[in-house]
Structure formats: C-alpha cells, structure tokens
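> only geometry, no sequence info:
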C-alpha cells in the first residue's frame, strides 16, 4: 500500500500546484490513499467549506490541520460533520471536530491522528506524548499515521522514537521547510518536516518584502501570502499490508520550472 502525504498547502499558489500535479503523482507512485495538511490553505491561514470540498473533489482522502485550524470561523459550520477533516487532538478548543479519523483502504483501517507540539506552540491542552499514551489500546491492528504539527524538530523526532511501535508513520509539519532526515525506525516512517506546498520565492510562504520590513522594525503590516509560483513538498510511504508497518519513505520536492532550470 502506498500513502501520499502532502505538506502544508499555502494559499492559492499551493492549491494550484497540488491540483495540477496530484493526478500524475498518484499514477506515478501507485497511490492508494492521499493525505494533505490544509491548515494554511485559505489565504495562508485556516480552512473554508469551499476549499474543503475542492480538496475532496480533486482526489484528497484526508485533511489534517494545525495551529491555524480555527482561523476561519467558517470551519465551525462543517467541521463537526466532516468525515475527512482531522484537527489537532490536543489543542484547545476540543469541542469541535475530531482529532482522529479512520478510513478503510484495501481491507485495512488507516487511522489518521493529528497532534500539535508543546514546544513554542499556543493553546496546547496536553503534550503530544500525553495524548498518544492514551490512544495505545485503540491503535492496535491499524495503520496509524500521525501528523505532528510542531515547531521543534527534536520534539518530533523524540515522539517518533517513543511511539514507533504504535505508528506506521510520524510525519512532521508546520515549519514549512522540508528536512532531509527521512528514515524508517523499526517499521515507522519518519521525517521531521514534510515541507511546504506553496510559493517558492517567499519566506515560508509569505511575501518577502513584508517579512523583511517586519525584521527591520516595521510592525504595522500583516503578512500576506506570496503570489510567486509554488513548490510541492510531499512524501510517499510504502506500507506492508500484512504487518501494517512501513518499509519505505520517499521524499518529493517539485520546484517551479524556472527554478529547476537555474539549478546546476
């Protein structure tokens, strides 16, 4: 079984490259199930019903979120009924939606869990470690995929080593910079950060000049999403269907054509 996980989709440019490339990616890697992190999909923050439905219509099976999960109030109107949206289990408020969703694929149960890190993050109800300890008996006999939306790479890596026996994959999101540390830890696929699917010439998706202004003492502006062409960052995880453990993780980064042509 092959699972595609696409990193944080940022704004219009991120959506455009996802929709342009998703069919070919699924064909090239023989994908059985597709997960995307969509917490930045609506103008850089949050999720709307229109974009949620758009993702599903383009072939996405599950959508994880993060610290911007509730940035658009529109989400409260549909998150409770959604069967494909997964918000951080251990983040306040916990009264809306689900932090875990299950999907039947090729006769197996894929259990998608969304957790938020406790280091440098707000509104954390309990650490991801505390939350995961409580799930152990429910995770048995399932393909458990965790999106750990966290700032600290050390927290994400430590989590993977702690819960490698429960999880088929622990995939880091949030920092928007793809890391080159993908590995298999005793049958658990891991990467510190899958990376961003959003504007390549930007500062983690935001307009460069606005970010420079902020660092140079101008605090009057709100950051807007860059309108530059996007990159796509993702991983493909191969699961042994008998053991329900990962055997391979492959990192994908597709840059805009003009950037590829400038590489040496």
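Structure received. As the structure is a computational prediction, the values presented were derived from the model and not from experiment.
> tell me how far the ends of stretch 62-75 are from each other?
For stretch 62-75, the first-to-last residue distance is 16 Å (C-alpha to C-alpha, to the nearest Å).
> quick thing: my sequence starts at 15, can you match it?
OK, 15 is where the count begins now, so the last one is stretch 76-89.
> Residues touching that stretch, excluding its own?
Here stretch 76-89 makes contact (C-beta atoms under 8 Å, 6 or more residues apart in numbering) with 22, 47-54, 56, 59-63, 66, 69, 90, 98-102, 105, 107, 110-111, 115, 117, 124, 126, 128, 130, 135-137, 161, 163, 187-188. All C-beta spots, glycine's among them, are computed from the backbone N, C-alpha and C.
> Quick one: buried ones out of the residues you listed?
Among the contacts of stretch 76-89, those buried by neighbour count (16 or more other C-beta atoms under 10 Å) are 22, 47-54, 56, 59-62, 66, 69, 98-102, 105, 111, 115, 117, 124, 126, 128, 130, 135, 161, 163, 187-188.
> What is the longest helix seen in the chain packed up against?
When the chain is parsed with DSSP state H, its longest helix is helix 25-42. Where contact means 3 or more C-beta pairs under 8 Å, 6 or more residues apart in numbering; DSSP states H and E, helix 25-42 is packed against strand 16-20, strand 47-51, strand 246-254, strand 259-268.
> average pLDDT for it?
Mean pLDDT, computed over helix 25-42, is 97.
> tell me the angle of that helix relative to strand 16-20?
Angle, helix 25-42 to strand 16-20, by axes from the mean of the first three to the mean of the last three C-alpha atoms, to 10 degrees: 170 degrees.
> between helix 25-42 and strand 259-268, how many degrees?
130 degrees.
> Buried residues, helix 25-42. List them.
Buried residues in helix 25-42, defined by neighbour count with 16+ other C-beta under 10 Å: 25, 26, 27, 28, 29, 30, 31, 32, 35, 36, 39, 40.
> In space, what's closest to the fourth one - neighbours in sequence excluded?
What that stands for is residue 28. residue 212 (3.9 Å; C-beta to C-beta, 6 or more residues apart in numbering).
> Give the residue spans of the stretch 165-278 of the chain that score low on pLDDT.
For the stretch 165-278 of the chain, applying pLDDT under 70 flags the ranges 234-235, 272-278.
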